[in-house]
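mind folding the following:
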Amino acid sequence: MRIALSTGGGDAPGLNAVIRAATFAARRRGWDVVGIRDGFNGLLFPDQYPEGGVVRLDASNVRGIGHLGGTMLGSTSRGNPCHYPVRAADGEVTYVDRSVELVQRFRDEGIDALISIGGDGSLAIAQRLFEEGMRVIGVPKTIDNDLDRTLVTFGFDTAVEIATESIDRLFTTAASHSRIFVVEVMGRNAGWIALYSGVASGAHVILIPEIPFTYASVARAIERREAGGAHYTIVVVAEGAAPKDGSQSVVEHAVDHAERLGGIGHTVAEELTHLTGKEARTVVLGHLVRGGTPMAADRLLGSRFGAAAVRALDEGQNGVMVALNEPNVEYVSLADAVGRLRTVPMDCDTLLAGRELGTSFGDD
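Numbers count the residues shown, from 1 in each chain. Predicted coordinates for the structure are as follows:
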């Protein structure tokens, strides 16, 4: 068998661990393994890669990469081949489905099966390729932890650790200057990173997309702290959070990828300064939380997922995603996995713990 690995969407700590594990597991079975550059671009635009858009993977080039962040294959979140933008001379954009063409490119390369490593968007593409006759196994990847059919995704633990450490470092500065610090973290439409890092660090206010907030509520929380003798406040806000009767803050609209969220941290800081009279500063962690060395938990989960994806192929599986259901990695239908956003439920124990600790979620 000849299998291909593809990493699409945003990078996440643990991707290289998946590539390494899948390569070793497949080579043990005598299979040939290749990697596709930059999502599926290596197949769709081979002329852009003088060294080749498809690279052979073996022990020589995956050995020792498990501890490295990013992905050795490159990635992209633009140019969905199932909804590919074509711009006419007059600037008008139309969309075409290139999935049949992409499947033929796989066949031209003699590739029998694809292990697609990505988030909801990449896995939706994988599902479409499966529908067109490609043999596909999905591996869930996102720091946002927002895929519904798996207990957790690799990359999340590292993102939470980096965010928590960063918030920890702001406490001393906030206390020294009696300021409000607003820390904006990634997560898109799910508040897992903000919630976990906020509770872990002891943040005083946590704003997440699942709970519409009011600035007046946050200001009251700050005033209560002032009355109690605490003259500084740490506010953690997820990039997708929005006030009641308001909308998410978007910094970029694009024709070939999802809109880019961001800017809510600055808005929150400005509003709180206006309402409380206290100086507020903003720190946007952004891509810091998704880069660098993956934690052991993400290396381990990536290794488990990579090995399980190859095992799934060996067992004759097709059109499935590997998913963590402790203590095992199981297989779930790709069709059931895509398009189902996993958001923070109101009975989430971590959320309840935050409330018990006196954390404001901007909704009182």
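
hey, let's count contacts and neighbours off CA atoms from now on
Will do.

the spatially most central residue of the chain: what's it in contact with?
In the chain, the C-alpha nearest the mean C-alpha coordinate belongs to T142, at 2.9 Å (C-alpha atoms, centre = their mean). For T142, the contacting residues are 10-12, 118-119, 153-156, by C-alpha atoms under 8 Å, 6 or more residues apart in numbering.

likewise E131?
With contact set as C-alpha under 8 Å, 6+ apart, E131 has no partners.

what's the spacing between it and D108?
18 Å (C-alpha to C-alpha, to the nearest Å).

domains in the chain, by residue range?
Using automatic domain parsing, the domain parsing of the chain gives 2-154+294-326, 158-291+345-356.

now do the first one: distance from first to last residue.
From the first residue to the last, domain 2-154+294-326 extends over 30 Å; the measure is C-alpha to C-alpha.

next: the shortest one.
Length of domain 158-291+345-356, first residue to last, C-alpha to C-alpha: 26 Å.

pLDDT on that domain, on average?
For domain 158-291+345-356, the mean per-residue pLDDT is 93.

try stretch 321-341
Rounded mean pLDDT across stretch 321-341 is 93.

when you give positions from now on, start the count at 38
All right, first residue 38 from here; so that's stretch 358-378.

hey, where'd the strands end up in the stretch 138-287 of the chain?
For the stretch 138-287 of the chain, the strands defined by DSSP state E, counting those that start in this stretch cover 150-155, 172-177, 217-222, 242-244, 270-275, 287-289.

can you lay out the ones you listed as CSV showing mean neighbour count?
Below are the strands of the stretch 138-287 of the chain laid out as CSV (neighbours: other C-alpha atoms under 10 Å):
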stretch, mean neighbour count
strand 150-155, 26
strand 172-177, 28
strand 217-222, 28
strand 242-244, 28
strand 270-275, 27
strand 287-289, 12
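
run a quick neighbour tally on N365.
Counted with other C-alpha atoms under 10 Å, residues neighbouring N365 total 10.

I meant to write R66 there.
Neighbour count of R66, defined by other C-alpha under 10 Å: 12.

distance of it relative to A344?
Distance, R66 to A344, by C-alpha to C-alpha: 12 Å.

swap in I148?
Relative to A344, I148 is positioned 19 Å away (C-alpha to C-alpha).

dump the residue contacts of S112.
So S112 contacts 44-48, 74-76 (C-alpha under 8 Å, 6+ apart).

circling back: quick one: closest of the domains of the chain to A374.
domain 39-191+331-363 (5.6 Å; C-alpha to C-alpha).

any idea how far that closest one is from the chain center?
15 Å (C-alpha atoms, centre = their mean, to the nearest Å).

and V70, helix, strand or coil?
Following DSSP: H, G, I helix; E, B strand; the rest coil, V70 is assigned to strand.

how close does it get to R392?
Distance, V70 to R392, by C-alpha to C-alpha: 49 Å.

who has more neighbours, these two?
Neighbours were counted for V70 and for R392 using other C-alpha under 10 Å; V70 has more, 22 against 13.

surely the more buried one is in contact with A58?
No - the pair V70 / A58 is not scored as a contact, 11.6 Å apart, by C-alpha atoms under 8 Å.

tell me how many other residues crowd the nearest residue to V130 once chain neighbours are set aside.
The shortest distance from V130 to any non-neighbouring residue, by C-alpha to C-alpha, 6 or more residues apart in numbering, is to R124 (4.4 Å). For R124, the count of nearby residues is 12 (other C-alpha under 10 Å).

go on, D351?
Residues within reach of D351, counting by other C-alpha under 10 Å, total 12.

next: D205.
By other C-alpha under 10 Å, 18 other residues sit near D205.

grab the nearest non-local neighbour of it.
S238 (5.9 Å).

do G300 as well
Computed as C-alpha to C-alpha, 6+ apart, the closest residue to G300 that is not its neighbour in sequence is S286, at 5.8 Å.

do A62 as well
Distances taken as C-alpha to C-alpha, 6+ apart put A344 closest to A62, at 5.8 Å, once the chain neighbours are dropped.

buried subset of the contacts of T179 as a PyMOL selection?
Buried residues within the contacts of T179, by 16 or more other C-alpha atoms under 10 Å, are selected in PyMOL with:
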select buried, resi 47+48+49+155+156+190+191+192+193
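
want to try a markdown table for the contacts of T179, with distance to D95 as columns?
A markdown table is the format used below for those (distance: C-alpha to C-alpha, whole Å):
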| residue | distance to D95 |
| --- | --- |
| G47 | 24 |
| D48 | 22 |
| A49 | 22 |
| G155 | 21 |
| G156 | 25 |
| T190 | 25 |
| F191 | 23 |
| G192 | 24 |
| F193 | 28 |
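
all helices for the stretch 88-237 of the chain, in order.
Secondary structure of the stretch 88-237 of the chain by DSSP state H, counting those that start in this stretch: the helices cover 96-99, 136-145, 157-168, 193-214, 229-238.

of these, which approaches N362 most closely?
Closest of the helices of the stretch 88-237 of the chain to N362 is helix 193-214, at 16.0 Å (criterion: C-alpha to C-alpha).

that closest one - contacts with which helices or strands?
Counting contacts by 3 or more C-alpha pairs under 8 Å, 6 or more residues apart in numbering; DSSP states H and E, helix 193-214 packs against strand 217-222, helix 229-238, strand 270-275, helix 333-351.

give the buried residues for it.
By 16+ other C-alpha under 10 Å, the buried positions in helix 193-214 come out as 193-201, 203-205, 207-208, 211-212.

tell me what angle it forms with helix 333-351.
160 degrees (axes from the mean of the first three to the mean of the last three C-alpha atoms, to 10 degrees).

can you get me a residue count around L188?
By the criterion of other C-alpha under 10 Å, L188 has 14 neighbours.

wait, it sits on N362?
Yes - here L188 reaches N362: they are 5.9 Å apart, a contact under C-alpha under 8 Å.
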